[in-house]
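**Q** Here is the input, now give the coordinates:
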Amino acid sequence: MTHIIRLRSYQDEILKELFLSQSRFVKNEVMDNVREYSNGESAFQYFTEKIGENGVYILDEPENSLSPKRQMELMQFIEDSARFFGCQFIISTHSPFLLSMREAKIYDLDENPVKVKRWTELENVRTYYEFFKKHENEF
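**A** Residues are numbered from 1 along each chain as shown. A predicted model of the protein is given here:
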């Protein structure tokens with residue numbers, strides 16, 4: 001199926017330039033390793049290469065495309081970056097692995113008003129727990 005999008009305004013021109021800029025970024029920064037690595041491996045490699053010392057990083061669901069093992073490796077990498085390299089992270093995630101990071105302050109944005117919670121109190125983590133608890137005799 002082909003979609004044709006016609007630009008109708010100056011705002012559309014700005015969006016076009018933004019899209020082209022993002023496309024150039026992906027081609028220049030990410031595409032080199034796509035053929036060599038899986039999506040998850042490429043994502044993990046991207047984080048480990050781009051996160052440097054004393055930075056503040058905003059990550060939106062960095063667990064996407066990462067296996068549970070890679071999520072645990074990313075969690076360790078983020079903890080180490082914060083502890084040894086002075087980095088700070090603001091992370092939006094559903095990953096129980098990332099939510100379990102030591103000394104993380106977790107804001108439950110599903111609450112109104114927003115509440116600070118322990119990772120084990122979050123609904124999505126409880127859902128994982130209940131699922132595995134229900135099937136524990138299968139392990």
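
**Q** and the residue nearest to the spatial centre of the chain, what does it touch?
**A** By Cα atoms, centre = their mean, the chain has its centre lying nearest to residue 62, at 1.2 Å. Listed by Cβ atoms under 8 Å, 6 or more residues apart in numbering, the contact set of residue 62 reads 43, 47, 74, 91, 93, 98. Using the backbone N, CA and C atoms, a C-beta is placed for each residue, glycine as well.

**Q** Over to it. Which of the three states is it?
**A** Here residue 62 is coil, with the state taken from DSSP: H, G, I helix; E, B strand; the rest coil.

**Q** show me where the chain has strands.
**A** 56-60, 88-92, 106-108, 115-117 (DSSP state E).

**Q** Tell me the strands beside the last one, with direction?
**A** Each strand that pairs with strand 115-117, with its direction, by DSSP bridges: strand 106-108 (antiparallel).

**Q** Please enumerate residues in contact with the strand it pairs with?
**A** In contact with strand 106-108 (Cβ under 8 Å, 6+ apart) are residues 99, 114, 115, 116, 117, 118, 119, 121, 122.
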